[in-house]
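Undergrad: Quick one, fold the following:
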Amino acid sequence: MQETPNIEVVVAGEEHVRYVDEILDTINQAAKVRGTGIAKRSPEYVKQKMLEHKAVIALCGDEFAGFSYIESWSNKEFVANSGLIVGFKYRGLGLAKRIKERIFRLSREMFPEAKIFSLTTGAAVMKMNFELGYRPVTFDELTTDPAFWRGCESCVNYDILQRNGGHKCLCTGLLYDPAESYHSQEKNPKKL
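TA: Model (predicted):
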């Protein structure tokens with residue numbers, strides 16, 4: 001039986017900047033393997049997310065294991081959880097779910113009133129988002145901030161988004177609205 005390694009998932013900071021190139025290489029390799037699109041980010045952009053404490057990183061000792069970051073849009077009305085990646089060596093251990101849960105909590109801590117969204121083609125990410133209270137939505141319910149949608153230009157599927165006037169692509173839009181979540185909890189309070 002394989003022993004599960006001790007992996008820590010923490011808010012990223014200046015001390016984690018040294019992992020930026022490895023993070024971006026892992027994201028690009030995963031996109032090639034899956035044959036799906038992904039918005040490319042520069043090393044400077046990912047570094048800035050770490051310096052602003054708008055990212056989480058998973059580490060096994062000093063070894064990179066996973067990552068995700070936060071972007072805010074439309075005057076902080078919307079927050080995107082982006083760049084979720086798990087190193088190949090650490091897949092199948094439930095680490096993506098731990099990273100997703102931590103980036104979601106960080107988003108709620110930093111932007112408690114914001115709607116949190118995600119674009120994905122991955123069934124596993126859709127399932128994790130659903131478990132956190134996201135619901136599938138049309139792109140019309142997401143941010144209209146042109147800067148966000150420009151991030152899609154580096155995706156291999158960008159032509160599909162363009163052909164559909166920015167309303168549809170291969171990605172599924174998922175949205176967590178804290179106002180909706182609050183109201184559903186009032187109607188159906190969880191028993192502790």
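Undergrad: Need the phi and psi values for Leu161.
TA: phi -60, psi -40 (degrees, to the nearest 10).
Undergrad: Identify the residue nearest it in space, chain neighbours excluded?
TA: Cys169 (4.2 Å; CB to CB, 6 or more residues apart in numbering). To be clear about C-beta, it is placed using only N, CA and C from the backbone, and glycine gets the same treatment.
Undergrad: do you know how far the one you found is from Ile99?
TA: Here Cys169 is placed at a distance of 24 Å from Ile99 (CB to CB, to the nearest Å).
Undergrad: And Thr138, by the same measure?
TA: Using CB to CB, Thr138 is found at 27 Å from Ile99.
Undergrad: list the buried ones in the strand or helix carrying Lys47?
TA: Element membership for Lys47 (DSSP states H and E) is helix 43-51. Across helix 43-51, burial judged by 16 or more other CB atoms under 10 Å covers 46-47, 49-50.
Undergrad: swap in stretch 47-65?
TA: Buried residues in stretch 47-65, counting neighbours by 16+ other CB under 10 Å, are found at 47, 49-50, 54-60, 64-65.
Undergrad: Ok, stretch 130-140 next?
TA: Buried-residue list, stretch 130-140, by 16+ other CB under 10 Å: 132-134, 139.
Undergrad: Next: stretch 83-98.
TA: Using 16+ other CB under 10 Å as the test for burial, stretch 83-98 gives 83-87, 90, 93, 95-98.
Undergrad: Out of those, which two sit at the greatest distance?
TA: Gly83 and Leu93 (19.0 Å; CB to CB).
Undergrad: so Val125 touches Ile103, yeah?
TA: No: using CB atoms under 8 Å, Val125 is not in contact with Ile103; the gap is 11.5 Å.
Undergrad: Compare the two and say which is more crowded by neighbours.
TA: The neighbour count for Val125 versus Ile103, taken as other CB atoms under 10 Å, is higher for Ile103 (26 against 20).
Undergrad: Could you pull up the contacting residues of that one?
TA: Residues near Ile103 by CB atoms under 8 Å, 6 or more residues apart in numbering: 55-56, 68-70, 81, 84.
Undergrad: if we can go back for a sec, closest to Glu113 out of the buried residues of helix 43-51?
TA: Nearest to Glu113 among the buried residues of helix 43-51, with distances taken as CB to CB, is Lys49, at 20.8 Å.
Undergrad: and Pro5, how far is that from Ala65?
TA: Counting by CB to CB - Pro5 and Ala65 are separated by 8 Å.
Undergrad: what residues do these two have in common as contacts?
TA: Tyr90.
Undergrad: Over to the residue lying closest to Lys97 once chain neighbours are set aside. Which of the three states is it?
TA: Of all residues not flanking Lys97 in the chain, Met128 sits nearest, at 5.5 Å (CB to CB, 6+ apart). Look at Met128: counting by DSSP: H, G, I helix; E, B strand; the rest coil, its state is helix.
Undergrad: Identify the contacts common to Val125 and Ile103.
TA: Common neighbours of Val125 and Ile103 (CB under 8 Å, 6+ apart) are Leu84.
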